[in-house]
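> Would you be able to build a 3D model of this:
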Amino acid sequence: MNVKQSDMMGGLAKGLRVIEAFTAETPRLSISEAAEISGLDRATTRRCLLTLAEHGYCAYDGKFFTVTPRVLRLGTGCLASMPLPRIVQPWLDQLSEHIGQSTSVAILDGAEIVYVARAAQRKVMSIALMPGSRLPAYCTSLGRVMLAALPETQALELLNSHPLQPRTAHTLHDIDALMTELARVRTQGYSAVDQEVEQGLRSVAVPVKNARGIVVAALNTGLAASSEPMASVIETYLPSLQQVSRELRGVLS
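Numbers count the residues shown, from 1 in each chain. As a prediction, this is how the structure comes out:
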């Protein structure tokens with residue numbers, strides 16, 4: 001959308017950037033930390049945070065700010081109005097029950113994935129995943145499936161826009177290596193990640209396409225790492241994931 005600069009509210013845009021500085025990895029921020037993450041100057045960040053606190057979106061202890069549950073109003077309305085979560089949830093519940101593992105559906109938002117639906121069997125990550133949770137796309141099976149569906153130039157641009165940090169000793173974080181991996185994912189039609197986003201977590205993901213064959217989301221299962229070879233994990237769970245993906249294609253317009 002092309003919008004004239006005179007029609008935009010700079011203050012609102014800055015406030016949203018400050019809100020987005022709070023993540024699962026950075027849930028508690030000082031003014032200086034929030035300014036660094038948001039890319040705003042300290043004075044502007046301070047005004048944004050104090051305004052958010054005044055309206056109940058942040059809590060402030062005199063040094064650190066944390067977002068309050070009121071912020072969820074900004075996201076739950078969006079999720080509630082999206083047809084995708086409502087459509088996929090019954091399939092996720094059934095799949096999770098069938099394979100005995102947690103399952104999720106996520107969409108791509110820039111260089112991050114956003115969980116829109118989830119069926120949890122057991123907790124396999126140190127952070128609690130739920131609809132609205134975000135993770136980097138480059139190191140997650142869900143993210144790689146959706147990045148692989150993009151034109152290569154666009155995928156490369158997104159990878160270059162986000163810090164590619166080694167979250168574990170296994171994380172693939174070299175641009176060239178990631179582009180090679182995306183090419184493999186594109187060819188084989190699925191992504192398998194072994195302890196790259198978090199130590200002790202494995203996952204397998206497939207694309208979710210609509211009736212026109214366009215990738216609109218990704219579906220995965222996450223499980224605890226074990227001595228079982230990754231090839232065996234893929235063999236066990238991939239067919240069920242692919243079956244649900246095919247079924248969803250028939251109902252997603």
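> Tell me who's in contact with Pro207.
Neighbour list for Pro207: 145-146, 148-149, 189, 215, 217-219, 245 [criterion: CB atoms under 8 Å, 6 or more residues apart in numbering]. For every residue, glycine as well, the C-beta is placed using N, CA and C.
> which stretches of the stretch 51-200 of the chain form helices?
For the stretch 51-200 of the chain, applying DSSP state H, counting those that start in this stretch gives helices covering 72-81, 83-99, 141-148, 152-160, 175-188.
> Now render these as TSV, adding mean neighbour count and mean pLDDT.
Output for the helices of the stretch 51-200 of the chain, formatted as TSV (neighbours: other CB atoms under 10 Å; pLDDT from 0 to 100):
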stretch	mean neighbour count	mean pLDDT
helix 72-81	12	61
helix 83-99	16	91
helix 141-148	28	98
helix 152-160	15	96
helix 175-188	15	97
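> re earlier: make CSV from the contacts of Pro207 and add distance to Gly39 to it.
Converted to CSV, those look like this (distance: CB to CB, whole Å):
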residue, distance to Gly39
Val145, 29
Met146, 25
Ala148, 29
Ala149, 29
Gly189, 37
Val215, 30
Ala217, 29
Ala218, 29
Leu219, 34
Ser245, 38
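> What is the nearest of the residues you listed to Ile37?
Nearest to Ile37 out of the contacts of Pro207 is Met146 (CB to CB; 24.1 Å).
> Not counting its neighbours along the chain, what's nearest the closest one?
Leu108 (4.2 Å; CB to CB, 6 or more residues apart in numbering).
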